[in-house]
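Q: Any chance you can model this:
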Amino acid sequence: MSKRQPRRPNASLETAKTLAKDLYNFTDVLEMREFKSFFDRNFYIRGQVRTENNGNPNKPQEFVLKIHNSLDSENEEVRDAENQLMRMLRDRGFPCPEIIPTRNGQLMEKIHLPASDGQNADGCVVRLLSFVYGQELDSLDKSDVTPELMYTLGKFIGDASKAMKDFSSSALRRRQHTWDIKNFLHIQEQLASIKDDSICSLVTEVHSSFLHFVAPRLSSFRQGTINGDINGENILVTKRGTPGNPTYEITGFLDFSDIEESLLVLEVMAPMIFFMSLGYETSGYILAGYQSSLPLPGDEFDCLYYLAAARLCQLVVYSACNLENDNAQYMQVTVDKYLGILRKFWSCSKEDIEKIWRDCQQ
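A: Predicted structure coming up:
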């Protein structure tokens, strides 16, 4: 695994405003704010845009301006594959954002921003996406995160996985992505940067089990193109039904920056981990919905416990290694959340966790 770490773009609201005007013909920016992000910069923009069909600015529209981190910006072929995949999913009815061309008709533009660490300017890929309406799934009240909703989420992920898995791209096959679970095999290289000995000890224990139970079987697992980071922050829902019987419909499927060709089982594992703080049953209902659309082979289910623990370790370690970045507060929140989940999860036996997951499928 490469020890290079992505550098977060050194971009402010004013930077984003300038890019919107220079690259996308915004004549007026009426509202801006920044969304939280691990390594990228994402800006909400509401403004007026001059189009070829309308010499005058049309009514205000809403967009997301995305500035990719230094590492992800190096391979524009991957970003092109991302554009193609999103277009394919939109054509098949999935609620993905539309990619807005620049004033020159390009789907992305590479710019140079001064690096916050004093090094040479970073080349960063910029894209403009249509704003997708809905409420982040993660922002719902706990009482609204029902077994039915989690089952619906799991089935949605299974359906999306079936649509994506055969999408082929040489750029994705070549991609060496930081978050690939195969990189967990080398995670001990990162532990030298961790000051908390208890974290190092726990990760080492999980790593040892992973090497014994999972590593020899990885080559037999199904492979295909995956989103790689489906979670409660990039799935949007809209409230339907009646006041006495509300339901939620998935109306937004966002953020494909982490796409790669990897193990298909990882697609359902990511949201299971994200919602694990609400209980293992919650993750179990996600798995049940997924299995109704794209069943897991026995070997993959048998390794899911260790795969989940490994991904939790990655979240903790990669975040802890970036606590001195300008995104330190978000990184610390991530460390605290997932370290607590990891400790509790690893203290439970594989058999007990799997029983809960199986019971949710009844």
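Q: just the helices in the protein please.
A: 13-24, 70-73, 76-91, 147-164, 170-174, 197-213, 265-274, 280-293, 298-320, 328-347, 350-359 (DSSP state H).
Q: and these as a markdown table, adding mean neighbour count and mean pLDDT?
A: For the C-beta atoms, the positions are set from N, CA and C on the backbone; glycine is no exception. Output for the helices of the chain, formatted as a markdown table (neighbours: other C-beta atoms under 10 Å; pLDDT from 0 to 100):
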| stretch | mean neighbour count | mean pLDDT |
| --- | --- | --- |
| helix 13-24 | 18 | 94 |
| helix 70-73 | 21 | 85 |
| helix 76-91 | 18 | 95 |
| helix 147-164 | 21 | 97 |
| helix 170-174 | 15 | 88 |
| helix 197-213 | 15 | 96 |
| helix 265-274 | 24 | 96 |
| helix 280-293 | 23 | 98 |
| helix 298-320 | 21 | 95 |
| helix 328-347 | 16 | 90 |
| helix 350-359 | 14 | 98 |
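Q: Can I get the ones you listed in CSV including distance to Gly232?
A: Formatted as CSV, those follow (distance: least, C-beta to C-beta, whole Å):
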stretch, distance to Gly232
helix 13-24, 25
helix 70-73, 22
helix 76-91, 19
helix 147-164, 9
helix 170-174, 25
helix 197-213, 23
helix 265-274, 5
helix 280-293, 11
helix 298-320, 14
helix 328-347, 12
helix 350-359, 19
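Q: Of those helices, give the one that comes closest to Leu236.
A: helix 147-164 (11.5 Å; C-beta to C-beta).
Q: Does anything pack onto that closest one? Which helices or strands?
A: Secondary-structure packing of helix 147-164 (3 or more C-beta pairs under 8 Å, 6 or more residues apart in numbering; DSSP states H and E): helix 76-91, strand 223-226, strand 235-242, strand 245-253, helix 265-274, helix 280-293.
Q: closest to Leu30 out of the helices of the chain?
A: Of the helices of the chain, nearest to Leu30 by C-beta to C-beta is helix 13-24, at 10.8 Å.
Q: need the contact list for Ser208.
A: With contacts taken as C-beta atoms under 8 Å, 6 or more residues apart in numbering, Ser208 has no neighbouring residues.
Q: what about the helices of the chain, which gets the closest to Glu233?
A: Nearest to Glu233, of the helices of the chain and by C-beta to C-beta, is helix 265-274 at 8.1 Å.
Q: got a list of what the residue nearest the centre of the chain touches?
A: Centroid-nearest residue in the chain, with C-alpha atoms, centre = their mean: Asp229, separated by 2.8 Å. Contacts for Asp229 (C-beta under 8 Å, 6+ apart) come out as 179, 255, 257-258, 270.
Q: of all the helices of the chain, which lies closest to Glu189?
A: Closest among the helices of the chain, using C-beta to C-beta: helix 298-320, at 10.0 Å.
Q: what packs against the closest one?
A: Using 3+ C-beta pairs under 8 Å, 6+ apart, helix 298-320 sits against helix 197-213, helix 265-274, helix 328-347, helix 350-359.
Q: Can you report the mean pLDDT over the residues of stretch 235-244?
A: Taken as a whole, stretch 235-244 carries a mean pLDDT of 89.
Q: in that stretch, what counts as buried?
A: For stretch 235-244, burial by neighbour count (16 or more other C-beta atoms under 10 Å) applies to 235-237.
Q: Stretch 245-260 now?
A: Residues 248, 250-260 are the ones in stretch 245-260 that count as buried (16+ other C-beta under 10 Å).
Q: Please give me every residue in contact with the residue nearest to Tyr306 when sequence neighbours are not counted.
A: Excluding the flanking residues, the one nearest Tyr306 by C-beta to C-beta, 6 or more residues apart in numbering is Val214, at 4.8 Å. Applying C-beta under 8 Å, 6+ apart, we find Val214 in contact with 303, 306-307, 310.
Q: out of the helices and strands packed on helix 298-320, nearest to Lys165?
A: helix 265-274 (8.7 Å).
Q: Residues contacting the closest one, please?
A: Helix 265-274 is contacted by residues 138, 153-154, 157-158, 160-161, 181, 221-222, 226-232, 235, 283, 286-287, 290, 296, 300, 303-304, 307-308, 311-312, 315, 338, 341 when judged by C-beta under 8 Å, 6+ apart.
Q: ok, the closest residue in space to Leu263 that isn't next to it in sequence to Glu261 distance?
A: Of all residues beyond its chain neighbours, the one nearest Leu263 is Phe221 (4.8 Å), with distances taken as C-beta to C-beta, 6+ apart. To Glu261, Phe221 is 12 Å away according to C-beta to C-beta, to the nearest Å.
Q: Right, I'll call it a day here.
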